[in-house]
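In: kindly generate the corresponding structure for this input.
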Amino acid sequence: MAPMKTSSSFQRPTLWLLVLQTFSVFCILVGVNFFSWSHYCIKDASRSHRFSLSEQGSVLFMGIKQPAHIIIYCSPTSLLQEAELYSDLGALMNEYKIKAQENLTVEYVDPARNLTRAREVQGKYKFNANENVVIIDYLEHSTVIPIQDLGEYQERDGKKYLVAFRGEQVLNGALIGLSQVPLKKIYFLQGHGEMIPGSPPLEIIGRYLQWQNVQPALLNLSSTLEVPEDAGLVVIAGASIDLSEAESTALGHYWEHSGRLLVLLDPTADTPLLNKVLQQAGISPRHDRVVRTVSSGIGTTTLYDVTGMFIPGSEFTKQFLNLNILFLGMTESLALAPSNHEDRHLQVRPLIEALYDFFGSSDAAQKEKKEILFQAEKDTAYPVVIAAMADRGALHDDRVAVHAARMVVVGNCDFIKDPSIEEVGLDFFSSSINGLIDRISLAGNTAKMKAYFTLNLSDEIINRIALWTLFLIPSIVALLCSLILWKRRN
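Out: Modelled structure (predicted):
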């Protein structure tokens, strides 16, 4: 039987259909790739978010309006210790370029390979040619940062070990200094037992203020009796002794004339004149203790460490609305003036409230009181305000505060101390500082140090590990194999 011939009339439609399908798939692939080239999303899937910029860093580099130039003057093969930061610094530069897009260029200069360019950079920016540095050139200004300043080191057995990378904090602070208008001074009040940033117990706060390009100054009102005209903010961090009448009058006058105050209260202190200044802003400390009672089989336990939640309604705290903040130590609650306050230009808002189970106990402030129970007639029930904010003369917008008085009061001063400070507390303090000095765009999460995990093993432990890995484990495996072989032969 003759083979059946395939008609060409059936082959042609099939061939053209195959060509059309192939062309369609090609067009789809090209279109998807073209769209994804300009519309993409970058996510950091690492557990510690090691490669993510902070909110503050993202805002800074997204806000670059003129071309900025960063030069990494370092040889990755250098024998200097800071050369081990080269890879982390490169990863940080990649994140910066993604945020700044075309407004940031990063140049890597290896003095061991490109001697001509290295001499040009060294001659222009005037630094020691033997140093490894980062140079930021922006808005016709430049700053030179030694790369060793980007690392956190600890000394053990006479040798320094790298424990953390703090490059983002240092570089963000440098960019703030180059791009922001020079700030008025931020004064920390002294003479009443207040804490000083940069010295215990506020060493961490002092370091972070420096990274925020904030240079704090000390103010003693007993000698001047007035707040200096160059004061952009006055901070009262845990006054344990009350103000004098003259000091109280000076602070009240400063507040009335568009002053800015950040007050962290010491609940154990009796400060009626300081409280009088706060009451002018519609915020009154209650002289109680915020506590929570927990019943157990052996009785009732009173907990003084307070967990707070951020309240919406302020630019200062909008980045923290899904977070809790822990206040260690003693905390007192705050009473806020009602909305129909006689001063129509005054606006008072809560920033942080304690969680539902907490209440403000007037008896908890008395040391002889052993059992603390809620008493509706004299205690503060939920909601218990821990931190509040007051504005006078400002538009009802935290982003616009020209010629406005502004105050933030917190009923706890222990949460910023070195032993107890946490990331959320540090961010809240930094956000309050930036908001009060009209840098509201920098309010929010600040950069954190990227810590390195180090496993410190003694010689005895190392010898024990070597014994197990080189002798015991192989011996056990050999014995099991011998037993199995012997059993199979039998």
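In: and the residue lying closest to residue 67 once chain neighbours are set aside, how many residues sit next to it?
Out: Leaving out its chain neighbours, the residue that sits closest to residue 67 by Cβ to Cβ, 6 or more residues apart in numbering is residue 103, at 5.5 Å. Any C-beta I mention is one placed from the backbone N, CA and C, and that applies to glycine too. Using other Cβ atoms under 10 Å, residue 103 has 16 neighbouring residues.
In: give the contact list for the nearest residue in space to residue 102 that is not next to it in sequence.
Out: Sequence neighbours aside, residue 67 is the residue nearest to residue 102 in space, at 8.0 Å (criterion: Cβ to Cβ, 6+ apart). Counting by Cβ atoms under 8 Å, 6 or more residues apart in numbering, residue 67 touches 102, 103, 104, 105.
In: and with 10 Å instead?
Out: Residues near residue 67 by Cβ atoms under 10 Å, 6 or more residues apart in numbering: 100, 102, 103, 104, 105, 137, 138, 139.
In: isn't residue 99 up against residue 60?
Out: Yes: in this structure, residue 99 is within contact of residue 60 by Cβ atoms under 10 Å, at 8.2 Å.
In: who has more neighbours out of the two?
Out: Taking neighbours as other Cβ under 10 Å, residue 99 and residue 60 compare with residue 60 leading, 25 against 18.
In: in a helix, the more buried one, correct?
Out: Yes: under DSSP: H, G, I helix; E, B strand; the rest coil, residue 60 sits within a helix.
In: mark which of the contacts of residue 67 are buried, thanks.
Out: By neighbour count, with 16 or more other Cβ atoms under 10 Å, these hold 100, 103, 104, 137, 138 as buried.
In: my read: the third one touches residue 93, true?
Out: Yes: under the contact definition of Cβ under 10 Å, residue 104 touches residue 93, with a separation of 8.6 Å.
In: give me the common contacts of these two.
Out: In terms of Cβ under 10 Å, 6+ apart, residue 104 and residue 93 are both contacted by the residues residue 70.
In: which secondary structure elements does the helix or strand containing residue 255 sit against?
Out: Residue 255 belongs to helix 245-256 when assigned by DSSP states H and E. Packing partners of helix 245-256 (3 or more Cβ pairs under 10 Å, 6 or more residues apart in numbering; DSSP states H and E): helix 221-224, strand 231-237, strand 260-264, helix 272-280, strand 385-392, strand 405-410.
In: in three-state terms, label residue 28 for me.
Out: Secondary structure state of residue 28, per three-state DSSP, is helix.
In: that one and residue 38, how far apart?
Out: Plainly put, residue 28 is 17 Å away from residue 38 if you go by Cβ to Cβ, to the nearest Å.
In: repeat for residue 349
Out: 41 Å.
In: out of these two, which sits in the busier spot?
Out: More crowded of residue 349 and residue 38, by other Cβ under 10 Å: residue 349, with 19 against 6.
In: which strands and helices sit next to whichever helix or strand residue 292 is part of?
Out: Per DSSP H and E, residue 292 falls inside strand 289-296. Secondary-structure packing of strand 289-296 (3+ Cβ pairs under 10 Å, 6+ apart): strand 299-303, strand 306-310, strand 346-354, strand 359-361.
In: what's the domain layout of the protein?
Out: Using automatic domain parsing, the domain ranges for the chain come out as 55-173, 181-438.
In: most packed of those domains?
Out: Per-stretch averages of neighbours, counted by mean count of other Cβ atoms under 10 Å, single out domain 181-438 among those, with a mean of 18.
In: circling back: now the helices and strands packed on strand 289-296 as a markdown table including mean pLDDT and distance to residue 143?
Out: Output for these, formatted as a markdown table (pLDDT from 0 to 100; distance: least, Cβ to Cβ, whole Å):
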| stretch | mean pLDDT | distance to residue 143 |
| --- | --- | --- |
| strand 299-303 | 80 | 47 |
| strand 306-310 | 95 | 34 |
| strand 346-354 | 94 | 34 |
| strand 359-361 | 92 | 48 |
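In: compare the domains of the chain and give me the one nearest residue 470.
Out: With distances scored as Cβ to Cβ, the stretch of these nearest to residue 470 is domain 55-173 (26.0 Å).
In: state the mean pLDDT of the closest one.
Out: What domain 55-173 shows for mean pLDDT is 88.
In: mind checking the end-to-end distance for it?
Out: With Cα to Cα, to the nearest Å as the measure, domain 55-173 spans 14 Å from end to end.
In: where does the closest residue to residue 189 other than its chain neighbours land on pLDDT?
Out: Distances taken as Cβ to Cβ, 6+ apart put residue 236 closest to residue 189, at 4.8 Å, once the chain neighbours are dropped. pLDDT for residue 236: 97.
In: ok, residue 236 to residue 144 distance?
Out: 36 Å.
In: please apply the same query to residue 405.
Out: 39 Å.
In: what sits closest to residue 321 if chain neighbours are left out?
Out: Residue 321's closest residue in space is residue 310 (Cβ to Cβ, 6+ apart), at 5.3 Å.
In: isn't that neighbour right up against residue 325?
Out: Yes: counting by Cβ under 10 Å, residue 310 touches residue 325, with 7.1 Å between them.
In: pull up the overlap in contacts between these two.
Out: With Cβ under 10 Å, 6+ apart as the test, residue 310 and residue 325 both reach 317, 352, 387, 424, 428.
In: show me what contacts the second one?
Out: Residue 352 sits next to 306, 308-311, 317, 320, 324-325, 327, 334, 384-389, 410-412, 428 when contact means Cβ under 10 Å, 6+ apart.
In: now with 8 Å?
Out: Applying Cβ under 8 Å, 6+ apart, we find residue 352 in contact with 308, 309, 310, 311, 317, 325, 385, 386, 387, 410, 428.
In: quick check, nearest of those residues to residue 480?
Out: Among the contacts of residue 352, and counting by Cβ to Cβ, the member closest to residue 480 is residue 325, at 55.2 Å.
In: relative to residue 281, how far out is that closest one?
Out: For residue 325 relative to residue 281 (Cβ to Cβ), the value is 22 Å.
In: residue contacts, the nearest residue in space to residue 201 that is not next to it in sequence?
Out: Closest residue to residue 201 apart from its sequence neighbours, by Cβ to Cβ, 6+ apart: residue 417 at 4.1 Å. For residue 417, the contacting residues are 195, 201, 202, by Cβ under 8 Å, 6+ apart.
In: next one: residue 252
Out: Residues in contact with residue 252 (Cβ under 8 Å, 6+ apart) are 276, 277, 280.
In: residue ranges with poor pLDDT in the stretch 301-450 of the chain?
Out: Where the stretch 301-450 of the chain drops to pLDDT under 70, the residues are 339-344, 367-370, 394-403, 443-445, 447-450.
In: apply 50 and report the result again.
Out: Applying pLDDT under 50 to the stretch 301-450 of the chain flags no residue at all.
In: now for residue 125: which residues touch it?
Out: By Cβ under 8 Å, 6+ apart, residue 125 lies in contact with 71, 135, 142, 144.
In: in CSV: those, plus distance to residue 207 and secondary structure.
Out: Shown next, in CSV, are the contacts of residue 125 (distance: Cβ to Cβ, whole Å; DSSP: H, G, I helix; E, B strand; the rest coil):
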residue, distance to residue 207, secondary structure
71, 25, strand
135, 23, strand
142, 24, strand
144, 20, strand
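In: from residue 252, how far off is the closest residue to residue 245 other than its chain neighbours?
Out: Distances taken as Cβ to Cβ, 6+ apart place residue 273 nearest to residue 245, at 6.7 Å, with adjacent residues excluded. Distance from residue 273 to residue 252, counting by Cβ to Cβ: 10 Å.
In: try residue 100
Out: Counting by Cβ to Cβ, the gap from residue 100 to residue 252 is 45 Å.
In: which pLDDT value goes with the nearest residue to residue 191 once chain neighbours are set aside?
Out: Closest residue to residue 191 apart from its sequence neighbours, by Cβ to Cβ, 6+ apart: residue 220 at 4.9 Å. Turning to residue 220, the model gives it a pLDDT of 94.
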